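>>> Quick check, what structure comes out for this input:
(chains A, B, C, D and E, ligands or ions: 4)
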Amino acid sequence: MNRRDLILFTAVLLLGALPLVGEPYTMRLGTFACMYAVMAVSWNVIGGMAGYPSFATAAFFGLGAYAGGVLLAKGAALAVAIAFAGALAFGGAMLLGAVLLRLRGHYFAIASLAVAEVLRELTNTATDLTGGGMGLNIPLDTASTVGVAGEASFFFLAMWGLLLLTLVVVVAVERSKLGFGLTCIRQNESAADMIGVNATLYKSLAFALSGVFVAMAGTLYAGWVHYIEPPDVYDILFSVKPIVMALLGGMGSTTGAVLGAFAFLGIEEIVWRNYLQVHTGVLGFLVVVLLLFLPNGIVSIGRRLKMLGARNV
Amino acid sequence: MFTLQILVNGVVLGCLYACIAAGFSLVWGVLNVINLMHGSFIVLGSYLAWGAYNSLGFSPWVTLAIAAPLFYAAGYLVQRGLLNRVIAAPVLVTLTLTFGLDLILNNAMLLGFKADYRRLILEPALGTIQMGSVVVPVDRLVAMGFALVLTGALYLILRKSKVGRAIIAVRLDRDAATLMGVNVKSTYAAAFGLGAAMAGCAGVLLALIFPISPLSATPYLGKAFVVCVLGGLGSVPGAVVGGLVLGLVESFGAMAFGPEHAVTLSFALLILFLIFRPQGLLGKRGFE
Amino acid sequence: MGVRAERPAGRDLLRVQGLQSGYGEITVLWGVDLAVREGEITALIGSNGAGKSTLMRTLSGLVPARGGKVTWNGEEIQGDSPARVLDLGIAHVPEGRRLFSAMSVEDNLIMGAYLRKIGRAEMQRDLDRIYTIFPKLRERRSQAAGTMSGGEQQMCAIGRGLMSAPRLLMIDELSLGLSPLLVEQLIDALNALNREGLTILVVEQDVVTALELSTSAYVMDTGRVVQHGPSRELLRDPAVRQAYLGVLAG
Amino acid sequence: QGTIRFGAPLPLTGALAPEAVKQQQGYDLWAETVNAAGGIDVGGKKMKVEIVYTDYQSNTPRAVQAAEKLITQEKVDFLFSPFGSGAAKAASTVSERYGVPTIASTASSSQVYDQGYKYLFGTFTPNDTLTNPLSDIVVQKAPGVKRVAILARNDLFPLAIAQEMEKSAKQRGMNVVVFEKYAINTMDHSSALAQIKASSPHWIFATGYINDLVLLKKQMADQRIEAPVVTMIAGPAYQEFIDAAGPGAENISSASWWHPAARYKGSDIFGTTENYVKAFRARYKSDPDYAQASASVSGALFQMAIEKAGTLDKAKVRDELAAMNVMTFWGPVKFGPTGQITSLEPPVFQIQGGKTVVVHPQPIKQGDFKLGVK
Amino acid sequence: MSELMKLEAVSRRFGGLQALQDVTLSIGRGEVLGLIGPNGAGKTTLVNVITGVHRASAGRVVFEGRDITRYRPYETARNGIARTFQIVQPFPELSVLQNVAAAALFSGGDGLRAANRVAAEKLEFVGLSAVADKPAASLTLAMRKRLELAKALAMNPKLLFLDEVNAGLNSAEVEQAMGLIRQIAGGGVTIVLIEHLMKVVMSVCSRIVVLQNGALIADGSPSEVVSDRRVVEAYLGKKYAQVASEGA
Ligand SMILES: Nc1ncnc2c1ncn2[C@@H]1O[C@H](COP(=O)(O)OP(=O)(O)OP(=O)(O)O)[C@@H](O)[C@H]1O
Ligand SMILES: Nc1ncnc2c1ncn2[C@@H]1O[C@H](COP(=O)(O)OP(=O)(O)OP(=O)(O)O)[C@@H](O)[C@H]1O
Ligand SMILES: [Mg+2]
Ligand SMILES: [Mg+2]
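Ligands and ions are numbered 1, 2, ... in the order given. Model prediction:
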């Protein structure tokens, strides 16, 4: 547990106090922030640690949303639905990973991207189970039990809890033998093989870990918005944004991923509010600028300052 | 007869796909950059054709000659000015950069052209030709012809020309290429320019066939992805083969399983290919 | 012993004075002085990390010079682009071969002639010349260079260097990973080329080989030239034997 | 003297962007007209109208977020639903929660309204009110029509209406020989069309958005597919479709909830339908279609309810809307118990000589239904 | 001397090329076997096949009586087979120590702390302690070669393949390296030494096998092998033959 992680955890813990102060809309933003943080942190396991550019986040999210959503619609308890979605994603990812992760670089990127496309179309055509193009209604009636404001804070706290869980697990992995192995794989896979790292297993585990919490977030999300349709939950942006966030925060760093997620959403919200016609353009502009002038992400700012200091000395 | 019609449709469609993907495949395979702006480039090409026809009365065939150098220059500049700064960075950085740029480009198009759909309607219409029981629209045939010619030209440039070899050399080992006397920066830019030119020309051709709107960018991009994985990265003939395969699979798939599964099918195919033949049908090893 | 035509020493083709260079924070070359005489084979030896490769990379313009002067028959060329340097006739066979792994052997060779404006016929003639020096390459002309064995790659790399028809050929780690027979053939080949008038600057770890091949030699250590002179004398010099040959040579 | 704030989440970017343009035109036209007339009379006090737009990027959850932002951050008094049934439904939970009267100007499917919400109202009748009259006309004009081929975009509205069509056809003893769905972003329909051609249908019924239908029409021509009756929803209602489809559009039939050829004498701010069309032409140099008109009338309805209530009190305005029974340029407006309009009789029309001609209902009929589409 | 590994008619094709042809070979416990042959003879490929990087197209690889022909690299590694790469393969961003620790850990070591201890030892042994905390990328070639060695040793292998560990070192450095190799052998590790520097092979190997065009053409004591005509023609060359005979 180094200083950075400590700061990270305290910061995230403090966020939990939001319901005491925030009104529903702030809560909604908070919920989104936690949701994306979960995605970015999860992506970082496969993308940052293992160095495999995965675009499967949307696939996991959509899978979770529908797997859990269908259960909820059939009247299952939220906890049950979440657990089921998580397990499903984990298992699926383990199997899929074993084959997909033989691919490298762009090839893997595209394969993972295609997974989301296929799942979307399958969901779209499995009409009797998922409602297909008509979307799926999830009459999860928390509002009546906990009230209007109550619902907002309920889902915020749920998503926040999920983020905490994700962080604990991921940081643990980072410190573990698994994390070390993934680093080796990223830097030189054939050398890793040769010193006895079971690359296939490790990569699959990383892939599964990058999916399980995202899927859970998906279910929570489905319960939260009460209505989901394939184009929304399998949205390619769910794959791209976490990556941008991780890059923004600083590749390979969990802290960075969280920072990146919050920073990105903050920027997006401000831009979205203030520019009706050109907000996507402005957002794009910011992404470009950040990449060109802060290629190593937010966490590198500190390092840079240090270096400058060092030079001046 | 029925199957024959489907076959013809598939082949024609396939050539259009090839033309969509060729430039994308080039940039990806050679610069190792996934250019998410490709779709928007194509749409811009279509708008160019639309404008040139409706305001200047240029036929699309003429516009092609304008589009090629125009888009080449644009691509060259974008690469030289922006992408070059991060070309050495990890895959994801360049990818995200083009993502950001595409957001800008697409937003600009929305403002400039409005979201509504336009069509380029030739007067007189090119009509269709009947061969036995098979009907083929002329505009698609012509587009197909041009597509083949364009990709063929690109192929020759890459294989036979000095620039082409330099482009590949740079992609494989920048330092070594520098030692051969290759100017890395301008070579990258040239490759990206070529990709953009291909996209622009594709757009001009497709203007005859598909409704024109900034929203078409995404589907175009999606097709490009599939085609160039099926065909093989950086391999231009691969783009043609990949396009044909996709066209046929979609056509017959739609017939066999119903149209709503056609897309699913093509992506499933893509995954299978990635797993069992990642270098694509004609791809070269070493481009992984 | 070294099969070498004894010819009157030519004038200095390349002269390096107080050359400084390095990477980022670290300085590697602290002021190197050396001269390569036209028509000769000059050897560059020294322990690992001495800066031999860095020197070559600086000469060919891959690494920018930070000080000092490089003159190529009279003309100052430090700070020129690699393309320009190559165009002047200095070819560099880099450490670790650096072939275009996915390209065929022949395409690699053709890339070597990138800057030359020559037609098919002449290109073919030059290719054949390389193939006669390294017959193995002719067999493998269409194999992907990256899949070839270490030695085969070295031949290809040297061949690629020759394809630019240089006046000065700089080879880093000449015999690295080559079988004795091949080293022998290679040395014969270089001597032959040298007789045809090609000037050669070679970095070679096997000091005996290096000194037998070359007319004059430079010994580098930690970024400086610590000793130089006719190879014969260096070969006899006790200090050199002590430092770089070890007891084996005895 | 304050202003009344109306919130309008629009899909300005993303897949639905073309629809957003129409909606915005409709809302703006209403707001400008009202303000030109001095504003809305609230208990004797004239108040100007301001419409607060946000872009929800054609993404339903964003639409919900947008609605909540408008209500809690922008403090709007009333809300227009986001586009289409899906988003309208999702967003309605928010407006219901905050008790903000909301009018959905483009939501037709009844699932949107049977959630038991009190603050949601809609200007579209259920989908079967489009397909039934169509079928009746066809049965009456062309009794020979028996074989129906349906091709639908696998998407909320297009799919729903196609399914209604299937019902209507079956009820009238026709048999549906082909029912195919095509995926969103489909770039080629030749296979589906080849299949349809092979089934030699009398009636081809295709649903989707403009781009889908334009492409479809073109490929039908490419494959020389002809049929006595060809119906497309919702393309032909839009001028762009007629422009884009060119001569091939002749005799294509369609139905929608409103048509500029309608002749209603309303008591709303626009008065007669002619007036509305004139105002729209003057402002946008083109004919309004049902999407734009629906947006405008939604505003007009709010205005009437507010003026009747004489206050901005949300509950009171809501009650006025619920009790409303008026005539407008859009047609007679009366909301059923679920909040969905019940009083409207949607027109059936056909493209003849490059213009849309209303063929039903009687009062606003402009011409007769013609057979044969090339 | 008991047998540690047995190759039975091992073959490997690359497309049209027969890189290995019916290689049958027995490696005895504790011996230092020299594997020489012209460039492209198949030496590295042989190592790749044994360690599972490439699958053998035909034949069996038996290690300690177990058939390991189908083992994947990490399995061979965990079973006590280590190798160094001809083209060195460090984990560039990791520190030198971490590089070696990784080897110790994943080859079956128990726990990170233990691994670090082993790593420190091995670095001491190959004389890299001074640069233990530097990133591997910043090392010179000679150092990287020694790092490869340290990594291989940290896996405490029973069988160790050294693929041209001396290439690129000057004679003095080769001297040191040979010292290390002798010590390792002394420690009871069986070594297969792939090398083009004959002086090294001659002075450390107890037995030499020669590979040409993927097939074994000679097998015997150093003196026998260097005087074998085919070996001289295929590999050593006349010049060396002279030197050798002069030496003899
Ligand atoms: N790209 C680089 N970045 C940083 N330092 C480098 C780089 N390349 C070499 N060095 C350092 O420069 C010094 C000289 O390296 P160089 O390769 O020139 O030595 P050398 O004489 O060629 O050694 P060798 O015989 O191993 O090739 C070494 O200390 C090395 O660590
Ligand atoms: N992946 C591959 N694909 C095709 N050919 C290959 C591949 N790997 C090796 N080869 C070929 O197999 C032959 C043996 O290669 P190998 O690397 O084993 O030779 P080597 O004995 O190690 O030579 P050196 O002493 O130069 O390293 C070479 O001709 C090489 O070109
Ligand atoms: Mg060197
Ligand atoms: Mg080898």
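>>> Next, the contact list for residue B:39, please.
B:102, B:216-221, B:224 (C-beta atoms under 8 Å, 6 or more residues apart in numbering or on different chains). (Glycine included, C-beta is placed from N, CA and C.)
>>> hmm, try it at 7 Å
Neighbouring residues of residue B:39 by C-beta atoms under 7 Å, 6 or more residues apart in numbering or on different chains: B:217-218, B:220-221.
>>> in chain A, which ranges drop under the pLDDT threshold?
A:1, A:140-149, A:251, A:299-300, A:302-313 (pLDDT under 70).
>>> Show me what residue of chain E gets nearest to chain B.
residue E:15 (10.6 Å; C-beta to the nearest C-beta).
>>> Filter the contacts of residue B:39 down to the ones in helices?
Those of these mapping onto helices are B:217-218, B:220-221, per DSSP state H.
>>> circling back to that earlier point, nearest to ligand 2, of the contacts of residue B:39?
Ligand 2 has its nearest neighbour among the contacts of residue B:39 in residue B:221, at 34.2 Å by C-beta to the nearest ligand atom.
>>> Number of residues surrounding the closest one?
23 (other C-beta atoms under 10 Å in any protein chain shown).
>>> Apart from its chain neighbours, what residue comes closest to residue B:71?
residue B:200 (3.1 Å; C-beta to C-beta, 6 or more residues apart in numbering or on different chains).
>>> and the residue of chain E closest to chain B, how far is that from residue B:231?
As for residue E:15, its distance to residue B:231 is 22 Å (criterion: C-beta to C-beta, to the nearest Å).
>>> if we can go back for a sec, helix or strand for the residue nearest to residue B:71, which one?
Using DSSP states H and E, residue B:200 sits in helix B:184-206.
>>> by contact count, what packs against that helix?
Secondary-structure packing of helix B:184-206 (3 or more C-beta pairs under 7 Å, 6 or more residues apart in numbering or on different chains; DSSP states H and E): helix B:2-26, helix B:38-51, helix B:60-81, helix B:138-160, helix B:162-172, helix B:174-179.
>>> would you turn those into CSV with distance to residue A:185?
CSV is the format used below for the helices and strands packed on helix B:184-206 (distance: least, C-beta to C-beta, whole Å):
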stretch, distance to residue A:185
helix B:2-26, 28
helix B:38-51, 31
helix B:60-81, 32
helix B:138-160, 34
helix B:162-172, 24
helix B:174-179, 25
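>>> Let me have these in CSV, extended by mean pLDDT and distance to residue D:285.
Below are these laid out as CSV (pLDDT from 0 to 100; distance: least, C-beta to C-beta, whole Å):
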stretch, mean pLDDT, distance to residue D:285
helix B:2-26, 86, 35
helix B:38-51, 94, 20
helix B:60-81, 92, 28
helix B:138-160, 83, 30
helix B:162-172, 82, 50
helix B:174-179, 88, 56
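>>> And those helices: which comes nearest residue D:278?
Among the helices and strands packed on helix B:184-206, the nearest to residue D:278 by C-beta to C-beta is helix B:38-51 (30.8 Å).
>>> buried ones in that closest one?
By 16 or more other C-beta atoms under 10 Å in any protein chain shown, the buried positions in helix B:38-51 come out as B:38-51.
>>> For residue B:185, list the residues it contacts.
Counting by C-beta under 7 Å, 6+ apart, residue B:185 has contacts B:80, B:84.
>>> Distance check, it against residue A:182.
Counting by C-beta to C-beta, the gap from residue B:185 to residue A:182 is 35 Å.
>>> any bit of stretch C:97-117 sitting next to chain E?
No: Stretch C:97-117 does not reach chain E (C-beta under 7 Å from any C-beta of the partner chain); its nearest approach is 9.4 Å.
>>> Let me see the contact set for the residue of chain E at minimum distance from ligand 4.
Relative to ligand 4, the nearest point of chain E is residue E:44 (3.1 Å; C-beta to the ion). Neighbour list for residue E:44: C:149, E:86, E:163 [criterion: C-beta under 7 Å, 6+ apart].
>>> Of these, grab the buried ones for PyMOL.
Selection of buried members from the contacts of residue E:44 for PyMOL, criterion 16+ other C-beta under 10 Å:
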select buried, (chain C and resi 149) or (chain E and resi 86+163)
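>>> which of the contacts of residue E:44 come close to ligand 3?
Among those, proximity to ligand 3 is found for none (C-beta under 5 Å from the ion).
>>> can you tell me which of the contacts of residue E:44 are in helices?
Short answer: those have none in helices (DSSP H).
>>> what residues are up against residue D:226?
D:373-374.
>>> and chain C, which residues reach ligand 4?
residue C:150.
>>> before we move on, the earlier item: restricted to strands, list the contacts of residue E:44.
Among these, the ones falling in strands (DSSP state E) are residue E:163.
>>> Would you mind putting the contacts of residue E:44 into a markdown table with distance to residue C:182 and pLDDT alongside?
As requested, the contacts of residue E:44 are exported to a markdown table (distance: C-beta to C-beta, whole Å; pLDDT from 0 to 100):
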| residue | distance to residue C:182 | pLDDT |
| --- | --- | --- |
| C:149 | 11 | 78 |
| E:86 | 15 | 76 |
| E:163 | 17 | 89 |
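>>> Great, nothing more from me.
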